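[1] starting from these lines, generate the structure:
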Amino acid sequence: MSAMAIAAADDGITGWVVGYVITIVVVLVVVALVVPILVLAFSIGNEAKMINDSLTESVHNTAALKQLNTTIDHAEVIVAGLNRGRTRLGG
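    Purely as a prediction, here's the structure:
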């Protein structure tokens, strides 16, 4: 082989090596950017589950409050009856 043919072959190989190196660097940069996002998404998913569990517990703990209007209505009837009784007794 002549020196020129060897140089041309080296240039072709060099181009491939440079291409592979650039590709590897780009892939590593993409992985370096995506991995923290995935870790953060996993963390947010865990927090969301804990928040949902807490809200479910809150719904259970405050379920009795929907009966509060009924309790107020009964209390108003009782207070009105007590006031009538006091009035009749001269108070």
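
[2] the helix or strand hosting Leu55 - contacts with which helices or strands?
    In the assignment (DSSP states H and E), Leu55 maps to helix 3-61. Applying 3 or more CB pairs under 8 Å, 6 or more residues apart in numbering; DSSP states H and E, we find helix 3-61 packed against no helix or strand. Just so you know, the C-beta spots here come from the backbone N, C-alpha and C atoms, and that holds for glycine as well.

[3] report the secondary structure state of Gly90.
    Three-state assignment for Gly90 (DSSP: H, G, I helix; E, B strand; the rest coil): coil.

[4] roughly how far does it sit from Val79?
    Separation of Gly90 from Val79 (CB to CB, to the nearest Å): 19 Å.

[5] among the two, which residue is more densely surrounded?
    Val79 (10 against 5; other CB atoms under 10 Å).

[6] could you export the strand or helix carrying that one as CSV, CA atoms only?
    Using DSSP H and E, Val79 sits within helix 68-88. Included here for helix 68-88 are C-alpha records, laid out as CSV according to Å, rounded to 0.1, in the frame of the first residue of the first chain:
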residue,chain,number,x,y,z
LEU,A,68,-73.6,19.2,62.2
ASN,A,69,-76.6,20.9,60.6
THR,A,70,-78.9,18.3,62.1
THR,A,71,-77.3,18.8,65.5
ILE,A,72,-77.7,22.6,65.2
ASP,A,73,-81.4,22.2,64.3
HIS,A,74,-82.0,20.0,67.3
ALA,A,75,-80.2,22.4,69.6
GLU,A,76,-82.3,25.3,68.3
VAL,A,77,-85.5,23.3,69.0
ILE,A,78,-84.2,22.5,72.6
VAL,A,79,-83.2,26.1,73.3
ALA,A,80,-86.5,27.4,72.0
GLY,A,81,-88.3,24.9,74.3
LEU,A,82,-86.2,26.0,77.3
ASN,A,83,-87.0,29.6,76.6
ARG,A,84,-90.7,28.8,76.4
GLY,A,85,-90.4,26.9,79.7
ARG,A,86,-88.5,29.8,81.4
THR,A,87,-91.2,32.3,80.1
ARG,A,88,-94.0,30.2,81.5
